[in-house]
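A.B. asks: Turn this into a structure:
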Amino acid sequence: MTEARHLVCAPAMSWAQRLLGVGSIDVAAEVRKDVAEVHRRLTMQAHRIRASAAMAPNVAAESDLRALAAEDEALAAELKPHLPAGWPGRVAETDGAAGDIGPSHWARVVDVLQRHRDSQEALIAAAARLREIAPSVADLCTRLARAEEGHLERLRHLVARADPQALD
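C.D. replies: Presented below is the predicted three-dimensional model:
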């Protein structure tokens, strides 16, 4: 009968590293990298939404977009305790935050909607990557992804109201 071998591996190892039984990664660096990317994405998203809100055609759309921007900034603030030391407090506004927004209100809201979808996917992916190495950060990413789902629902309503072809 064949004797079963059990390899003891650090939880931060990839499946390939576990399979081959070699290598390790810096767990803290991996967590910081993921958190910094999610924070950057949320901060840039808030800047873009604020720029879109400033160009909104009516007060209701402007206030809805400003509320979403404030919520994205609050989500980004929740990540601050997990950011690397020396991380800048905010993303430079020249990082594509508002330079290439759409020509119409509808196009801008659709762009915001798509970026929120991308952020939600990134949060879900970060949660999956961090589940073994940093469960508390993974739980935070999962909670933030759920918050983004609420934003997506609100943005779908904004898109419908902004669509020039939609019926009242």
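
A.B. asks: Just name the shakiest helix or strand of this structure by mean pLDDT.
C.D. replies: helix 15-20 (a mean of 56; mean pLDDT, DSSP states H and E).

A.B. asks: tell me what the helix or strand following that one is packed against?
C.D. replies: Using DSSP states H and E, the helix or strand that follows helix 15-20 in sequence is helix 27-54. When contacts are defined as 3 or more CB pairs under 8 Å, 6 or more residues apart in numbering; DSSP states H and E, helix 27-54 packs onto helix 59-79, helix 105-130, helix 135-162. For every residue, glycine as well, the C-beta is placed using N, CA and C.

A.B. asks: In contact with the nearest residue to residue 70 once chain neighbours are set aside, which residues?
C.D. replies: Once flanking residues are discounted, residue 70 sits nearest to residue 46: 7.7 Å by CB to CB, 6 or more residues apart in numbering. Going by CB atoms under 8 Å, 6 or more residues apart in numbering, residue 46 touches 69-70, 72-73, 76.

A.B. asks: Nearest to residue 160, out of the residues you listed: which one, please.
C.D. replies: Within the contacts of residue 46, distances to residue 160 taken as CB to CB reach their minimum at residue 69, with 19.9 Å.

A.B. asks: what's the distance between that closest one and residue 48?
C.D. replies: Separation of residue 69 from residue 48 (CB to CB, to the nearest Å): 8 Å.

A.B. asks: What helix or strand is residue 101 located in?
C.D. replies: Element membership of residue 101, judged by DSSP H and E, is empty: it is in no helix or strand.

A.B. asks: coming back round to it: would you list the helices and strands packed on helix 27-54 in CSV and tack on distance to residue 32, mean neighbour count and mean pLDDT?
C.D. replies: Formatted as CSV, the helices and strands packed on helix 27-54 follow (distance: least, CB to CB, whole Å; neighbours: other CB atoms under 10 Å; pLDDT from 0 to 100):
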stretch, distance to residue 32, mean neighbour count, mean pLDDT
helix 59-79, 11, 17, 93
helix 105-130, 11, 19, 91
helix 135-162, 10, 17, 92
